[in-house]
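Q: fold the stuff below for me.
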Amino acid sequence: MLEAVTDPEIPVLSVVDMGIIRAVRIDETGLPNRPAVEITITPTYTGCPAMDVINTSIRLALIEGGITKHQIKTVLYPAWSTDWITESGKQKLKAYGIAPPQAKSTAPTMNLTEAEETIQCPQCNSTDTKLISRFGSTACKALYQCQDCKEPFDYFKCH
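A: Okay, the predicted model is just below:
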């Protein structure tokens, strides 16, 4: 059911792909004051505006799946990391036209020249790219332009 719940800002990724789902606990004892299913989630960052929509979407998916007794807990520690995005999720990002986050050891630094050399264009795979803005279509993305194919693209910032 959770695989069908997509991130409202990146609809090609499920909340599972994003690594937002931290735990699922199923209570089969049937106690009246305990949820049948408890899902623990971690937002991509504190104050992420998509989390209310994600909470509601998870609840609706559970209800549609016949699970009316449930609880969703939000935990902020450990903080979400782009390392939690699944490999499948990273491939989906690239196919959607968003450069996936790189491993922290190869992620861009504050040195703009180095950043421009390391972000690969999701359209043509060129590494001749230029940072246009540290903020893209959402706060978790930066805007780049490929110098070869000239296409602008978002880069999902590593954090």
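
Q: so who does the closest residue to residue 85 other than its chain neighbours touch?
A: Closest residue in space to residue 85, ignoring its immediate chain neighbours: residue 19 at 5.4 Å, by C-beta to C-beta, 6 or more residues apart in numbering. C-beta coordinates here come from the backbone N, C-alpha and C atoms, glycine included. Counting by C-beta atoms under 8 Å, 6 or more residues apart in numbering, residue 19 makes contact with 42, 80, 81, 83, 84, 85, 86, 89.

Q: which of those fall within helices?
A: Among those, the members found in helices (DSSP state H) are residue 89.

Q: quick check on the contacts of residue 19: which are buried?
A: 42, 80, 84, 85, 89 (16 or more other C-beta atoms under 10 Å).

Q: just after the helix or strand of the chain with the lowest mean pLDDT, pick out the following helix or strand.
A: Least confident helix or strand of the chain, by mean pLDDT, DSSP states H and E, is helix 112-118 with a mean of 49. The helix or strand immediately downstream of helix 112-118 is strand 129-133, counting by DSSP states H and E.

Q: and that next one, C-alpha only, in CSV?
A: The C-alpha trace of strand 129-133 is given here as CSV (Å, rounded to 0.1, in the frame of the first residue of the first chain):
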residue,chain,number,x,y,z
THR,A,129,26.8,21.6,-16.2
LYS,A,130,26.4,25.0,-14.6
LEU,A,131,24.7,25.9,-11.3
ILE,A,132,22.0,28.5,-12.0
SER,A,133,20.5,28.7,-8.5
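
Q: packing partners of that strand?
A: Contacts defined by 3 or more C-beta pairs under 8 Å, 6 or more residues apart in numbering; DSSP states H and E place strand 129-133 against helix 112-118, strand 141-146.

Q: do I have it right that residue 148 meets residue 120?
A: No. Counting by C-beta atoms under 8 Å, residue 148 does not reach residue 120; the two are 10.9 Å apart.

Q: my read is that residue 61 contacts residue 14, right?
A: No. Using C-beta under 8 Å, residue 61 is not in contact with residue 14; the gap is 10.2 Å.

Q: spit out the residues that contact those two alike.
A: Counting by C-beta under 8 Å, 6+ apart, the residues touching both residue 61 and residue 14 are 2, 4, 5.
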